[in-house]
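Need a 3D model of the following:
(one chain, ligands or ions: 1)
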Amino acid sequence: MTSDSQTRRVNRALISVSDKSGIVEFARELRAMNVELLSTGGTFRLLEQNNIEVTEVADYTGFPEMMDGRVKTLHPKVHGGILGRRGTDDAIMAEHGISAIDMVVVNLYPFEATVAKPDCSLEDAIENIDIGGPTMVRAAAKNHRDVAIVVNASDYSSILEEMRGNEGSLSQATRFDLAIKAYEHTAAYDGAIANYFGRLVPGGSDKFPRTFNSQFLKAQEMRYGENPHQDSAFYVEKAPTEACIATATQLQGKELSYNNIADTDAALECVKSFTKPACVIVKHANPCGVAVSLNGIGEAYELAFATDPESAFGGIIAFNRELDAATAKAICDRQFVEVIIAPSISTEAQAIVAEKKNVRLLACGQWDQSQPAFDYKRVNGGLLIQDRDLGMVGADDLKVVTKRQPTEAEIHDLIFTWKVAKFVKSNAIVYGKNRQTIGVGAGQMSRVNSARIAAIKAEHAGLEVKGAVMASDAFFPFRDGIDNAAQVGISCIIQPGGSIRDEEVIAAADEHGMAMVFTGMRHFRH
Ligand SMILES: NC(=O)c1ncn([C@@H]2O[C@H](COP(=O)(O)O)[C@@H](O)[C@H]2O)c1NC=O
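Just a heads-up that it's a prediction; the model follows:
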């Protein structure tokens, strides 16, 4: 970082913006502080129409804009004015009639918005690669010792405020900060260009470009990572497409930890699967209790908690409806909870949770899951990228493979447990009855062991397995999983099917008088 702590007066600014929002007001205020303005064609005309005194760049350089705007500002009188080191290059600047440009205000051709249009041609995409803009942005950022670079309209007001309070000057700290923002901006811009065209070259494909360029903004640094000896930070997408952990507002409580963020994400994404009032309690990334109740989230919470009260201790609780006072009170009276998250929190509920000042309370807003997105998983030396698992079957997609058909009540429970199983680490087995989980077996290396664990958990919680349904996130490789399920009282099974021993597995279900449906879609979660 530069050690120069000097402020610099802004005497001359070059303004060249594609997105012209707020630019007239900004330019007017700069003029009020006696800043001389230079501007490119479209921006120049807009400022002039608004009676703002401004010189067109073409008049200053003596060169017209040409080639449909491909060359506007690419001229030594512009770049010398931006890059010239005050105190070092003054003589050469004077010799060539170069005026110092102290501020550059630029936003770039809208490349991402252009290529997002379904009918965007290759020619449109190419013409929307801004060349002169990033060149000025990078030059001004490099010379931030003398020049301020402004790439975000959201910075206009704070810049004006600082200049007003400092006789038209900006501090070194502000110029440095603006310079780094500028490089973040050009990095993202070039990343988007590389991603777009990287799909069209050998090694690229429609979805996966040859190199993968993405930018995340730091939201917070945590005290530590998954374990205390690991440092960690939370980076978020620039513009998340739906309400999620990254966009949630923390209303109270201790700072979110690394594990809190990961577990809250798991709970929230699971509860999003349900349209009726639902509650998901997560412990160590797995749902340990889930329930849906037509009587509201209060009852859903009671039922979810009852699945596994032991594990729910210190858990993360997510709802898909506003947190109300009665539910908040039930939670706070009963258990130690790390995080509660819901689309919104009523004022009364907030007041109740406030009595437990460490509880992290988050409001995330209402979600819309219509946008496709990617999931990333880091492995040593690489990054795995896949579509987010937004797949889900409905009752009509279920293929009954046994002699016995499931009853209507069983179908409701099959879909319910299937939705839960999608969010349980593989191998996942979920027992459920009346839209309440009654046993969850997660993360075992064999499916039959996950089933045994689900049964143990149900027994431990004093919940009756007889008449419950069972979901398995992937097919049963052997009939033993079915035999065990029958032994504990499971009456109906949902699973993807597709094993080479499906016949044997179906025969086992028939032998036990069970109903079994195939989804044709599996939901591994590692
Ligand atoms: N070619 C150039 O020399 C050049 N100089 C500035 N621009 C861009 O032209 C746009 C503003 O143009 P106008 O003021 O004509 O509406 C800005 O997005 C700016 O980044 C240029 N355009 C593209 O490269």
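
what's the closest non-adjacent residue to Q250?
Once flanking residues are discounted, Q250 sits nearest to L362: 5.4 Å by CB to CB, 6 or more residues apart in numbering. (C-beta placed from N, C-alpha, C; glycine too.)

Dihedrals phi and psi, the one you found?
Backbone torsions of L362, given as degrees, to the nearest 10, read phi -130, psi 140.

any idea how far the ligand is from it?
38 Å (CB to the nearest ligand atom, to the nearest Å).

Just list the residues touching that residue, thanks.
I245, A248, T249, Q250, L251, T264, V339, I340, I341, A342 (CB atoms under 8 Å, 6 or more residues apart in numbering).

Against S257, how distant is the last one?
Same thing as A342. Distance, A342 to S257, using CB to CB, to the nearest Å: 20 Å.

And these two? Which one has more around it.
More neighbours surround A342 than the other of A342 and S257, with 27 against 19 (other CB atoms under 10 Å).

so who does that one touch?
Contact analysis of A342 by CB under 8 Å, 6+ apart lists I297, A318, F319, N320, R321, E322, L323, L362, A363, C364.

my read is the second one is in a strand, agree?
In this case it means A318. Yes - A318 sits within a strand when classified using DSSP: H, G, I helix; E, B strand; the rest coil.

Pull the number of nearby residues for the nearest residue to it once chain neighbours are set aside.
Leaving aside its sequence neighbours, A318 sits nearest to A267 (CB to CB, 6+ apart; 3.7 Å). By the measure other CB under 10 Å, the count of residues near A267 is 28.

The residue lying closest to A153 once chain neighbours are set aside and F475, how far apart?
Closest residue in space to A153, ignoring its immediate chain neighbours: G22 at 4.7 Å, by CB to CB, 6+ apart. Applying CB to CB, the value for G22 to F475 is 58 Å.

These two: which has the busier surroundings?
A direct count of neighbours by other CB under 10 Å for G22 and F475 places F475 higher, at 19 against 13.

Pretty sure K238 sits against L217.
Yes - K238 sits in contact with L217 when judged by CB atoms under 8 Å, with a separation of 6.2 Å.

Heading C-terminal from the lengthiest helix in the chain, find the next helix or strand.
The single longest helix within the chain, with elements called by DSSP state H, is helix 172-197. Next in sequence after helix 172-197, counting helices and strands by DSSP states H and E, comes strand 216-222.

Just the CA trace of that following strand, in PDB.
Listed in PDB are the C-alpha atoms of strand 216-222, where the atom choice follows Å, rounded to 0.1, in the frame of the first residue of the first chain:
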ATOM      1  CA  PHE A 216     -17.500 -13.500  -4.200                       C
ATOM      2  CA  LEU A 217     -17.600 -10.600  -1.700                       C
ATOM      3  CA  LYS A 218     -16.500 -10.900   1.900                       C
ATOM      4  CA  ALA A 219     -19.400 -10.700   4.200                       C
ATOM      5  CA  GLN A 220     -17.600 -11.500   7.400                       C
ATOM      6  CA  GLU A 221     -14.600 -13.100   9.000                       C
ATOM      7  CA  MET A 222     -15.500 -15.600  11.600                       C
END
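
what's the closest non-adjacent residue to the closest residue to the ligand within the stretch 301-450 of the chain?
Using CB to the nearest ligand atom, the closest approach of the stretch 301-450 of the chain to the ligand is made by Q371 at 27.2 Å. In this structure, Q371 finds its nearest non-sequential neighbour in T241, 3.9 Å apart by CB to CB, 6+ apart.

Surely that neighbour is in a strand?
No - looking at T241 with three-state DSSP, it is coil, so not inside a strand.

Could you report the neighbour count for it?
14.

roughly how far apart are it and P372?
As judged by CB to CB, T241 and P372 stand 9 Å apart.

what does R164 give?
R164 sits 46 Å away from P372, going by CB to CB.

so T437 sits in a strand?
Yes - the assignment for T437 is a strand, going by three-state DSSP.

partner residues bridging it?
Under DSSP bridges, the beta-bridge partners of T437 are G432.

How about the contacts made by it?
P287, G289, V290, A291, A304, T307, T417, V420, V430, Y431.

pretty sure the fifth one contacts G289?
Read that as A304. Yes - counting by CB under 8 Å, A304 touches G289, with 3.8 Å between them.

residues touching Q335, list them.
F305, P309, A312, F313, G315.

Just the buried ones from the contacts of A342, in ChimeraX syntax?
Buried residues among the contacts of A342 (16 or more other CB atoms under 10 Å), as a ChimeraX selection:
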select :297,318,319,320,321,323,362,363,364
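
contacting residues around the residue nearest the centre of the chain?
Closest residue to the average C-alpha location of the chain: P240 at 4.2 Å, with CA atoms, centre = their mean. By CB under 8 Å, 6+ apart, the contact list for P240 reads A246, T247.

SS state for the closest residue to P343 other than its chain neighbours?
Computed as CB to CB, 6+ apart, the closest residue to P343 that is not its neighbour in sequence is Q366, at 4.9 Å. With three-state DSSP as the basis, Q366 sits in coil.

For stretch 472-491, buried residues please.
For stretch 472-491, by 16+ other CB under 10 Å, it's 472-477, 479, 481-486, 488, 490-491.

Apologies, that question was intended for stretch 298-314.
Going by neighbour count (16+ other CB under 10 Å), the buried part of stretch 298-314 is 298-309, 311-313.

Next, the distance between the ends of it.
Stretch 298-314 has its terminal residues 19 Å apart, counting by CA to CA, to the nearest Å.

Distance from the chain centre to that stretch, please.
How far stretch 298-314 lies from its chain's middle: 28 Å, per CA atoms, centre = their mean, to the nearest Å.

What lies in contact with that stretch?
Defining contact as CB under 8 Å, 6+ apart, one finds that stretch 298-314 is touched by 277-281, 283, 288-293, 317, 319, 324, 326-327, 330-331, 334-338, 435-440, 457, 460-461, 463.

Just the mean pLDDT for that stretch, thanks.
What stretch 298-314 shows for mean pLDDT is 97.

Since that was my last question, I'll sign off now.
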